[in-house]
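Engineer: here you go, sequence then predicted model.
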Amino acid sequence: MGDVLEFKRHWVWFFEEPVTCDYCLKETRGKVFEKMQSIVCSNCGEALLLIDDNTSYVLTVDFDDEGA
């Protein structure tokens, strides 16, 4: 697994556009805190995605066809 990055501030936004949190159902851009291996909701603090050495993820992106 790669190195954990150090940020100039204590957290950064993860998503460019808001997503809906499965726990609080509010929109969030997801925060990633310094030296943390998870993406958390900026409203309720629950983990949107946990990353550890034993887990692998496949990310698929589905772009809406805006021209249709």
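Structural biologist: Thanks, I have the structure now.
Engineer: state the distance from the residue nearest the centre of the chain to residue 17.
Structural biologist: Geometric centre of the chain, nearest residue: residue 39, 3.9 Å, by CA atoms, centre = their mean. From residue 39 across to residue 17, the span is 14 Å (CB to CB, to the nearest Å). Yep, even glycine has a C-beta here, placed from its N, CA and C like the rest.
Engineer: same check on residue 63?
Structural biologist: Distance, residue 63 to residue 17, by CB to CB: 12 Å.
Engineer: for residue 3, identify the helix or strand it belongs to.
Structural biologist: Under the criterion DSSP states H and E, no helix or strand holds residue 3.
Engineer: so where is this structure shaky, pLDDT-wise?
Structural biologist: Across the chain, residues meeting the criterion (pLDDT under 70) sit at 1-2, 4-9, 55-61, 64-68.
Engineer: ranges for the strands of it?
Structural biologist: Taking DSSP state E as the test, the strands found in the chain are 11-13, 19-20, 27-28, 31-33, 38-40, 47-50.
Engineer: hey, what's residue 38 bridged with?
Structural biologist: With DSSP bridges as the criterion, residue 38 is bridged to residue 50.
Engineer: do the same with residue 20
Structural biologist: Beta-bridge pairing for residue 20 (DSSP bridges): residue 27.
Engineer: doesn't residue 26 make contact with it?
Structural biologist: Yes. Look at residue 20 against residue 26 with CB atoms under 8 Å: they come within range, at 7.3 Å.
Engineer: out of the strands of the chain, which is closest to residue 3?
Structural biologist: Residue 3 lies closest to strand 31-33 among the strands of the chain, at 14.1 Å (CB to CB).
Engineer: contacting residues around that closest one?
Structural biologist: Residues outside strand 31-33 that contact it (CB atoms under 8 Å, 6 or more residues apart in numbering) are 10, 11, 12, 13, 14, 38, 39, 40, 41, 42.
Engineer: ditto for stretch 47-56
Structural biologist: 1, 14, 19, 21-22, 28, 30, 37-41, 57.
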